[in-house]
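Trainee: Turn this into a model:
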Amino acid sequence: MRAVLDANVLVSALLSPGGTPGEILARWTGGEFELVVSLHLLKELERTLNSPKIRDRVVAEESAQFVALLRDYAILADDPDVVPSRSPDADDDYLLALAEAERAVLVSGDRHLLGLGDEFPILTPRVFFETLKTQR
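Mentor: Below is the predicted model of the structure:
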């Protein structure tokens, strides 16, 4: 199985390794699914990790190591050339296009994206984690 984790899920995994997003990341490092990232996603992640709210909780070196881990070991896919407008939040359209191009499920807690679950394979972190547990 392939998955794209949105930046907020990745940040949550770093902030709370024992939470569901952290457990998902542990499953990835254990080889239970393929994680797909793109340069756009990694840049969004870096921006979020460098925000004042997050910088107070994670040191810069740890943030840089986390992004490097993803860049080096996840599947680094090309950002789609064409990004159709499909989400109520235009900033999320690239995630839909990336997941679609890579035939991956999109894992997000974003209500705008989750509202499109009837049209696209989008799962909450909890549902994705439960899916991984049943595939063992």
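Trainee: which stretches of the protein have low pLDDT?
Mentor: 82-84, 87-90, 136 (pLDDT under 70).
Trainee: can you pull out the helices in it?
Mentor: 7-15, 20-29, 39-49, 52-55, 60-73, 93-101, 111-114, 125-134 (DSSP state H).
Trainee: right, and the ones you listed - which one's nearest M1?
Mentor: helix 125-134 (7.8 Å; C-beta to C-beta). Using the backbone N, CA and C atoms, a C-beta is placed for each residue, glycine as well.
Trainee: Distance from the closest one to the middle of the chain?
Mentor: 14 Å (C-alpha atoms, centre = their mean, to the nearest Å).
Trainee: List the buried residues in that helix.
Mentor: P125, F128, F129, L132 (16 or more other C-beta atoms under 10 Å).
Trainee: before we move on, back to that, need the helices of the chain in TSV (columns: distance to D79).
Mentor: TSV is the format used below for the helices of the chain (distance: least, C-beta to C-beta, whole Å):
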stretch	distance to D79
helix 7-15	14
helix 20-29	20
helix 39-49	5
helix 52-55	23
helix 60-73	14
helix 93-101	7
helix 111-114	17
helix 125-134	22
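Trainee: looking at those, which is closest to S85?
Mentor: helix 93-101 (5.8 Å).
Trainee: what packs against that closest one?
Mentor: When contacts are defined as 3 or more C-beta pairs under 8 Å, 6 or more residues apart in numbering; DSSP states H and E, helix 93-101 sits against strand 2-5, strand 34-38, helix 39-49, strand 105-107.
Trainee: Give me the residues contacting the first one.
Mentor: Contact partners of strand 2-5, identified using C-beta atoms under 8 Å, 6 or more residues apart in numbering, comprise 13, 21, 24-25, 28, 33-37, 41, 75, 95, 98-99, 102-108, 128.
Trainee: ok, and for it, which residues are buried?
Mentor: Neighbour-count burial for strand 2-5 [16+ other C-beta under 10 Å]: A3, V4, L5.
Trainee: what bridges to the second one?
Mentor: Translated: V4. Note on V4: beta-bridge partners L106, judged by DSSP bridges.
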